[in-house]
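Novice: A structural model of the following input is requested.
(2 chains)
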Amino acid sequence: EVQLVQSGAEVKKPGESLKISCKIFGYSFNNYWIGWVRQMPGKGLEWMAITYFGGSATKYDPSFRGQVTISVDKSIDTAYLQWSSLKSTDTAIYYCASATDGNFHWDHWGQGALVTVSS
Amino acid sequence: QSALTQPASVSGSPGQSITISCTGTSSDVGGYNYVSWYQQHPGKAPQFIIYDVSSRPSGVSSRFSGSKSGNTASLTISGLQAEDEADYYCCSYTRSGSTYVFGTGTKVTVL
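Specialist: Numbers count the residues shown, from 1 in each chain, chains lettered A, B, ... in the order given. Down below sits the predicted model:
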């Protein structure tokens, strides 16, 4: 059974850096994509970026390109989302999700990680 | 890219049917049969309930069905139940950047 387990809630100050993780369990092969989704307080879902675990393809939504960086460590089946300088507007819940290559829907989701940025 | 357009809210009484629309463009909804729908209860992660416009994953109630016409996809919930009260989001693959775009989200209220 596929499971995505995310790191815990974070409280940071503006200007600080942060890296949150998504540990993937249950895939037999690396033929899947990992995506990151933002949900600001009381708002809808927004795609941030997707990356292919079986290769090096990474695609960012234009709204998030240059604002965040996604990466993977295939040796420990973990994906990351990182910021170099947080803003208060980055306060949100961040979800990771997975999709098998060749499918175009996101069938497994992490539990979400709340990031709070406040001075 | 711009979010797909959904009504902000839809309501219905138990047992009724409701339909949620999701309008995009020929670059996303109209251009591919890769529309999926997600249900999100308060404080929970989204769960997918429809994929490839009208396919239903195992374990999802047959009361949920999807369709598409032109640039508009739709989710119908028949025999509305109290447990269906949640937020619903459509999602489409998009030619723009070869990535995905969500709808604006619809809050379903069971009266």
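Novice: and the most centrally placed residue in chain A, what is it in contact with?
Specialist: Closest residue to the average C-alpha location of chain A: A:Trp36 at 3.4 Å, with CA atoms, centre = their mean. Applying CB atoms under 8 Å, 6 or more residues apart in numbering or on different chains, we find A:Trp36 in contact with A:22, A:47-50, A:68, A:70, A:79, A:81, A:94-97. Using the backbone N, CA and C atoms, a C-beta is placed for each residue, glycine as well.
Novice: switch to 7 Å and redo it
Specialist: Counting by CB atoms under 7 Å, 6 or more residues apart in numbering or on different chains, A:Trp36 touches A:48-49, A:70, A:81, A:94, A:96.
Novice: what's the answer for B:Ser17, then?
Specialist: B:76-78, B:80 are the contacts of B:Ser17 under CB under 7 Å, 6+ apart.
Novice: re the thing from before, measure the residue nearest to the centre of chain A to B:Val60 for me?
Specialist: As judged by CB to CB, to the nearest Å, A:Trp36 and B:Val60 stand 24 Å apart.
Novice: closest one of the contacts of A:Trp36 to B:Pro42?
Specialist: A:Tyr94 (17.5 Å; CB to CB).
Novice: the closest one against A:Leu81, yeah?
Specialist: Yes: the pair A:Tyr94 / A:Leu81 is scored as a contact, 6.2 Å apart, by CB atoms under 7 Å.
Novice: which of these two has more neighbours?
Specialist: The neighbour count for A:Tyr94 versus A:Leu81, taken as other CB atoms under 10 Å in any protein chain shown, is higher for A:Leu81 (25 against 22).
Novice: assumed the residue nearest to the centre of chain A was part of a strand.
Specialist: Yes: the assignment for A:Trp36 (DSSP: H, G, I helix; E, B strand; the rest coil) places it in a strand.
Novice: identify the bridge partners of it.
Specialist: In this entry, A:Trp36 is beta-bridged to A:Ala49, A:Cys96, by DSSP bridges.
Novice: ok, it to chain B distance?
Specialist: Using CB to the nearest CB, to the nearest Å, we find A:Trp36 at a distance of 11 Å from chain B.
Novice: could you find the closest non-adjacent residue to A:Lys19?
Specialist: A:Gln82 (4.0 Å; CB to CB, 6 or more residues apart in numbering or on different chains).
Novice: shouldn't that neighbour be in contact with A:Leu18?
Specialist: Yes: here A:Gln82 reaches A:Leu18: they are 6.5 Å apart, a contact under CB under 7 Å.
Novice: mind listing what B:Val110 touches?
Specialist: B:Val110 touches B:12, B:14, B:80, B:82, B:84-85, counting by CB under 7 Å, 6+ apart.
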